[in-house]
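Novice: One predicted model, sequence on top.
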Amino acid sequence: MKQGLRAAVPAALLFALALSSAAAHDMSMHPGAMPAPASAPDSAATARVDGRAEVRFPPELRREVLATMRMHLQGLAEIQQAMAQGRFDDAARMASMTLGMSSMHGDQAEQEARYMPPGMRELGARLHMQAGEFIVAAQDATATGDWHKPQMVFGRMMQTCVACHAAYKLQ
C-alpha cells in the first residue's frame, strides 16, 4: 500500500501543479481575477509601477527583504520536492525553517512591517500563518499518508505569494 501511495503522490502533485500553473496563467490574463490585498496601500507605497504599488524600504532593509523572499522561494521549492518524494516530515521541517514565524530573526519582522503598506503586511502574516498550518498538515501526513491537506495548504501558500507579488513591487 505504501509503495502505491508513493507512486501516486508525484503524479498527483504534478497534476496539481499543472492546475495551479494554469490558474496562475489565467489570473495573469485577467488581472481583476487576482485577489487584492485586504487594505489599500498607504503612504509607504506611493507610486504604481506596472499596476503594482511601489514599496520603498531603506537600502539595507531592502536587501534583507529581498534575501528573505529568496529564502521563502527556495523553501517553497524544497518543500515541493520533499512532498513529491513523499517526505512530508522534511517538508514540514523546511516550512518551519524558511516560512514559519521562526524563520524571522530578531526584530526583522517589526523592522520590515514599519515600511509595508497594510495589505502587504496582511499578506505576509497570512503566509506565515499558512506555513504553520502546512507544518501541522505535513506532520499529520507523515503519520497517515494522506497528502491531500498539505498539498492544498501548499497551494494556498503559493497563491498568497502570487497575490503579494502581483500587488506590490519593492523600490
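Specialist: Cool, got the structure. Numbering: from 1, shown residues only.
Novice: which is the next helix or strand following whichever helix or strand His165 is part of?
Specialist: Per DSSP states H and E, His165 falls inside helix 148-167. The first helix or strand that comes after helix 148-167 along the chain, using DSSP H and E, is strand 168-170.
Novice: in its sheet, what does that following strand sit against?
Specialist: Strand partners for strand 168-170, identified by DSSP bridges, are recorded as strand 52-55 (parallel).
Novice: CA atoms only for the strand it pairs with, dumped as PDB, please.
Specialist: Output of strand 52-55 as PDB, limited to C-alpha atoms (Å, rounded to 0.1, in the frame of the first residue of the first chain):
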ATOM      1  CA  ARG A  52       1.700  47.300  -8.600                       C
ATOM      2  CA  ALA A  53       2.200  49.600  -5.600                       C
ATOM      3  CA  GLU A  54       5.800  50.500  -5.200                       C
ATOM      4  CA  VAL A  55       7.000  50.000  -1.700                       C
END
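Novice: what helices or strands is the helix holding His165 leaning on?
Specialist: Contacts defined by 3 or more Cβ pairs under 8 Å, 6 or more residues apart in numbering; DSSP states H and E place helix 148-167 against helix 2-29, strand 52-55, helix 59-84, helix 118-144. Heads up, the C-betas are built off the backbone N, CA and C, glycines and all.
Novice: average pLDDT across that helix?
Specialist: What helix 148-167 shows for mean pLDDT is 97.
Novice: and that helix with helix 118-144, angle?
Specialist: Orientation note: helix 148-167 sits at an angle of 160 degrees relative to helix 118-144 (axes from the mean of the first three to the mean of the last three Cα atoms, to 10 degrees).
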